[in-house]
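A.B. asks: Show me the folded form of this:
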Amino acid sequence: MSLKKWKEGKAQIFVPERSLLRKLERYPAFYNPRGALTRDVSVGIARTLGKNVNFLDAMCGVGVRGIRACVEADVKRVVLNDVNPEAIALAYLNAKENGILDKVELQSQGCNALCALEDFKKGYEFVDVDPFGSVAPFTHNALLATRDCGILGVCSTDGANLCGNRPHALHRLYFAFNKNKLGKKESALRILMGFVIRSAAVLGFAAKPVLCYVFADYFRCHFLVKRSQKEAEALTRKIGYTLSCEHAHYSSEPVCEVCGARAVSGPLWTGELCDKEFVTQVLSEITKLDFVQKQTKKLLLLLSEECSITQSFVDLHALVKGLGLGTPKIEKVLEQLKSNGFKATRTHFSPTGVRTDAPLKHVLQACKS
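C.D. replies: Take a look at the predicted model:
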């Protein structure tokens, strides 16, 4: 295996040279440089939780997420696990390179096998599961490995499934349908969120979404996990179905008020994508780190603004396209909606999208003004 020394955050790591090419390969050890932003966020979360944190990187690849948690968040202990022995050998080399072997435990087991051995009360304050593809097969045991009031981070990169391009695979993995053409990424994220919340509820756990987003091919969700049937039941009441068309990305109305069409997606999470207070705390921690990329800070700031609006975003370009209207300036539309007493903000899902609690007819009026 040809290695190259690479820097991410404050961590110095060795990675397979071929992993830095545009075409990523899973073996001999997986590393994706484009995922640095997601690891920035993980560091911010670890710093928010404090120093007395046991962190499980359950599918660690070369170990960079857990190593950065040690180096940049000073967590108490990190378990780096990967079923691939070559990846674990490289994770060991990287932990040694960063001088943190005293804080690192290395395992080479299947994710489900390792997580299933953990008692809920003796689990980890922060568990992260980042597989190659869908996280669905690992969700149940990852929840078991998360300590009461701990954070579970999950990632899925099977966007073709989640977005509904492979409807049979989506239904098999997540028991859901995604018919939302324009807002398919948001529906996909909400389907993933709903799946984790329902999986937790089966165990009597409440998995409250605290920081969920889409970046590149990553559908990333973080949950505060509590052992509470009552709170689990409250969360499941926000699992539902949405209606969408080519104008309104989704709505609770029986038909679109513009074209009269409808398509059902779900079951999915209909509540907030993030907890505003939690995101603000993570952003505060990230801001203290001058080596974190600006894109990470921009994403977290946008999430903190849009998370309080549960209605899905509207793509302004798609909205006016079939109505003979010129392309509106987003900032002017936002100002108009706010002046009319509605909440309105940009969204991280689309550069031409607006998230607002205004009915669609008011968004149209703002586009015309």
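A.B. asks: Okay, and the closest residue to residue 151 other than its chain neighbours sits in which element?
C.D. replies: Leaving aside its chain neighbours, residue 151 sits nearest to residue 126 (4.9 Å; criterion: CB to CB, 6 or more residues apart in numbering). Using the backbone N, CA and C atoms, a C-beta is placed for each residue, glycine as well. In the assignment (DSSP states H and E), residue 126 maps to strand 124-129.
A.B. asks: Could you name the helices and strands sitting against the helix or strand just after that strand?
C.D. replies: Where DSSP H and E defines the elements, the next helix or strand beyond strand 124-129 is helix 139-144. If contacts are counted by 3 or more CB pairs under 8 Å, 6 or more residues apart in numbering; DSSP states H and E, helix 139-144 sits against helix 111-116, strand 124-129, strand 146-156, helix 184-202.
A.B. asks: what does helix 139-144 rub up against?
C.D. replies: Outside helix 139-144, the residues within contact range by CB atoms under 8 Å, 6 or more residues apart in numbering are 58, 111-112, 115-116, 118, 120, 123, 127, 129, 135, 152, 154, 195-196, 199-200, 202-203, 205, 207, 225.
A.B. asks: Type out the ChimeraX command that picks the buried ones from these.
C.D. replies: This is how ChimeraX selects the buried members of the contacts of helix 139-144, with burial counted by 16 or more other CB atoms under 10 Å:
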select :58,111,112,115,118,120,123,127,129,135,152,154,195,196,199,200,203,205,207,225
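A.B. asks: name the element the residue of the chain positioned farthest from its centre belongs to?
C.D. replies: Within the chain, the residue lying farthest from the chain centre (CA atoms, centre = their mean) is residue 324, at 36.3 Å. For residue 324, there is no host helix or strand (DSSP H and E).
A.B. asks: Can you tell me how far it is from residue 333?
C.D. replies: 17 Å (CB to CB, to the nearest Å).
A.B. asks: Same question for residue 136.
C.D. replies: 37 Å.
A.B. asks: Leaving out sequence neighbours, find the closest residue to residue 276.
C.D. replies: Residue 276 sits nearest to residue 307 (CB to CB, 6+ apart), 5.3 Å away.
A.B. asks: Quick check: phi and psi at that neighbour.
C.D. replies: Backbone torsions of residue 307, given as degrees, to the nearest 10, read phi -70, psi -20.
A.B. asks: Let the chain start at 15 from now.
C.D. replies: Right, with 15 as the first residue, what we last looked at is residue 321.
A.B. asks: and the residue nearest to residue 165, bridged to which residues?
C.D. replies: Beta-bridge pairing for residue 140 (DSSP bridges): residue 69, residue 165.
A.B. asks: close enough to count as contact, it and residue 67?
C.D. replies: Yes. Using CB atoms under 8 Å, residue 140 is in contact with residue 67, at 5.5 Å.
A.B. asks: okay, these two: which has more neighbours?
C.D. replies: Using other CB atoms under 10 Å as the criterion, residue 140 and residue 67 rank with residue 140 on top: 27 against 23.
A.B. asks: what residues are up against that one?
C.D. replies: Residue 140 touches 59, 60, 63, 67, 68, 69, 70, 83, 89, 164, 165, 167, counting by CB under 8 Å, 6+ apart.
A.B. asks: What count of nearby residues applies to residue 360?
C.D. replies: There are 18 residues near residue 360, going by other CB under 10 Å.
A.B. asks: Sheet partners, orientation included, of the helix or strand where it lies?
C.D. replies: If you go by DSSP H and E, residue 360 is part of strand 358-361. Strand 358-361 has the following strand partners under DSSP bridges: strand 364-370 (antiparallel).
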